[in-house]
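Asks: Okay, predicted coordinates and the sequence, questions at the end:
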Amino acid sequence: MAPIAYCAHKCAYYKCYHANKVSAANTNTNIRYDNQVNNVQWVQLHSNRRAVYLVWYKYLRIAIAGASGYLGRKILDHLLTIPTVSRVTVLTHSPLADFPSSPILTVISIPSYRAVAALTLALQGHELLISALSHLSADETDEFLVAAVIAAGVRRYMPSEYTVDCMHPHAIALSGSKVIAGKIASAQRVQHSAEKGEIEYTTLVTGAFLDFWVEYPNPIIDTNAKTITLLDGGEKKMTGVTTEFVARCIGAIVAMPEEFTNNQRIRIAEIEYTGKALLQTFEEVTNEKWTVVDRSTDEILNGAVEAGGKGDKREFYMGNIIKLNFDGEGAGYFEEGTKWLEGAVKRQSLTEIVERSISRLSW
């Protein structure tokens, strides 16, 4: 049997919500409606390798916090393309945030993400809250979002942990860092609430955002100077994602039978790479020789600790995350993540990621 074709409607995954609109372009796709899962019809799609299960959407009313951020906007834009999602609510405390126009989109201003009463009122009638808050905001406000989710009766919560696996033993060993300790506390809080039956959760652990690292200033890649820092020799394996890929994965989770994702930490990856492979890709895409700086992840971490002592929270955070993402000890390498929903969620190659990210830069 031929492999499954992508949906003719350009969906991020196969035949999802257009499964009842099979077009001539997809005649090699074998689709059948299967049994009922929790009273919701789902579809089994067969390829020559395995079956992929995608479901009619159960989460029709979705709220998102942090939708104006780099990742949050990608998630919001993707949610608005799902025909069966009937309501998307943006929670924001920024009066300057600009959001797209959509008949299913509602923007609710809240005084802060610590205002549990206001959050609870805004979340009434929703089935899912997705947090896409930035690292510092998420660590400081997660407990208030959880409290509001419980009070409002929201069935599931997706916390903002789109980074290293803070529950990995190597990350826990560095938990003396306030950066990691805060993330561990947030993850444990969510798990304990689920164990008590107060909420359900799905946590996506992603590793590095490669598009962000290419497009924004950071200690590793300087696209303007065409300089790359090779950490610990540049030969250790790492995995990473793009924010578009994360958005597609969230869309897939919304669609899947609940038992596949309920109360789980799911480590995902779009691509496996090394520092040297990234250097080679940059040089091939730009057709120029790049300058290489050799540093150790321990050196990066020590510099971050020094910066943190001077009050530089961003530098402190970046150094800790770089250490865990790129030191090859497992907190930022998710080999199994490269196989998660393989064939059902589109992945880009390293060359495609670099090409697309560089094309968005104004050199």
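Replies: The structure has been received and is ready for your questions. Note that the structure is predicted; figures quoted are calculated from it, not measured.
Asks: In its sheet, which strands sit next to whichever helix or strand residue 266 is part of, and in what direction?
Replies: When secondary structure is defined by DSSP states H and E, residue 266 falls within strand 264-267. As defined by DSSP bridges, the strand partners of strand 264-267 come to strand 200-205 (parallel).
Asks: average pLDDT for the strand it pairs with?
Replies: Average pLDDT, strand 200-205: 96.
Asks: how close does the spatially most central residue of the chain sit to residue 212?
Replies: Most central in the chain under CA atoms, centre = their mean is residue 246, positioned 3.8 Å from the mean C-alpha point. According to CB to CB, to the nearest Å, residue 246 and residue 212 sit 11 Å apart. No exception for glycine: its C-beta is placed from N, CA and C like everyone else's.
Asks: can you pull the buried residues of the strand holding residue 266?
Replies: For strand 264-267, the neighbour count (16 or more other CB atoms under 10 Å) marks 265-267 as buried.
Asks: Also stretch 229-249?
Replies: Buried-residue list, stretch 229-249, by 16+ other CB under 10 Å: 229-232, 234, 236, 238-249.
Asks: What's the end-to-end length of it?
Replies: 30 Å (CA to CA, to the nearest Å).
Asks: From the chain's centroid, how far away is it?
Replies: Distance, stretch centre to chain centre, for stretch 229-249: 12 Å (CA atoms, centre = their mean, to the nearest Å).
Asks: avg pLDDT for it?
Replies: 96.
Asks: Please enumerate the helices of the stretch 1-150 of the chain.
Replies: 70-79, 116-123, 135-152 (DSSP state H, counting those that start in this stretch).
Asks: Am I right that residue 82 is in contact with residue 248?
Replies: No - using CB atoms under 8 Å, residue 82 is not in contact with residue 248, being 11.1 Å away.
Asks: give me the low-pLDDT residue ranges for the stretch 1-150 of the chain?
Replies: 1-58, 136 (pLDDT under 70).
Asks: hang on, the earlier thing: could you list which of the buried residues of stretch 229-249 belong to strands?
Replies: Those of the buried residues of stretch 229-249 mapping onto strands are 229-231, 238-241, per DSSP state E.
Asks: Tell me the one of these nearest residue 126?
Replies: residue 241 (26.0 Å; CB to CB).
Asks: How about the contacts made by the closest one?
Replies: 206-210, 268-271 (CB atoms under 8 Å, 6 or more residues apart in numbering).
Asks: hmm, back to that, and of the helices of the stretch 1-150 of the chain, who's closest to residue 337?
Replies: Judging the helices of the stretch 1-150 of the chain by CB to CB, what sits closest to residue 337 is helix 70-79, at 16.8 Å.
Asks: Outside of the closest one itself, list whatever touches it.
Replies: Under the criterion CB under 8 Å, 6+ apart, residues 12, 62, 64-67, 85, 88, 90, 99-100, 130, 132-133, 162, 209, 212, 216, 243-244, 246-248, 250-251, 254 lie in contact with helix 70-79.
Asks: pLDDT added to the buried residues of strand 264-267, as a markdown table?
Replies: Shown next, in a markdown table, are the buried residues of strand 264-267 (pLDDT from 0 to 100):
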| residue | pLDDT |
| --- | --- |
| 265 | 96 |
| 266 | 96 |
| 267 | 97 |
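Asks: can you redo those as CSV with distance to residue 137?
Replies: Converted to CSV, the buried residues of strand 264-267 look like this (distance: CB to CB, whole Å):
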residue, distance to residue 137
265, 21
266, 22
267, 23
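Asks: what's the closest of these to residue 158?
Replies: Taking those together and measuring to residue 158 by CB to CB, the closest member is residue 266, at 10.2 Å.
Asks: so what's that closest one bridging to?
Replies: With DSSP bridges as the rule, residue 266 is bridged to residue 204.
Asks: Share the number of residues neighbouring residue 272, please.
Replies: 16 (other CB atoms under 10 Å).
Asks: Contact partners for it?
Replies: Contacts of residue 272 by CB under 8 Å, 6+ apart are 237-239, 335, 338.
Asks: And residue 216, by the same measure?
Replies: Residue 216 makes contact with residue 70, according to CB under 8 Å, 6+ apart.
Asks: ok, it to residue 205 distance?
Replies: Taking CB to CB, one finds residue 216 at 21 Å from residue 205.
Asks: Show the pLDDT at residue 270.
Replies: 98.
Asks: I'd say it and residue 245 touch.
Replies: Yes - here residue 270 reaches residue 245: they are 4.4 Å apart, a contact under CB under 8 Å.
Asks: I'd like the distance between residue 163 and residue 107.
Replies: From residue 163 to residue 107 the distance is 27 Å (CB to CB).
Asks: Mind checking which of the two has more residues around it?
Replies: The neighbour count for residue 163 versus residue 107, taken as other CB under 10 Å, is higher for residue 163 (23 against 14).
Asks: can I assume the more buried one is in contact with residue 204?
Replies: No - with contact defined as CB under 8 Å, residue 163 does not reach residue 204; the gap is 10.1 Å.
Asks: ok so, going back, need the residues touching each of residue 270 and residue 245.
Replies: 347-348.
Asks: what sits against the closest residue to residue 121 other than its chain neighbours?
Replies: Distances taken as CB to CB, 6 or more residues apart in numbering place residue 152 nearest to residue 121, at 7.8 Å, with adjacent residues excluded. For residue 152, the contact set (CB under 8 Å, 6+ apart) comprises 119-121, 123-124, 126.
Asks: just the buried members of those?
Replies: 119-120, 123, 126.
Asks: Now the residues you listed in CSV, please, with extra columns for distance to residue 141.
Replies: Formatted as CSV, the buried ones among the contacts of residue 152 follow (distance: CB to CB, whole Å):
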residue, distance to residue 141
119, 9
120, 14
123, 14
126, 17
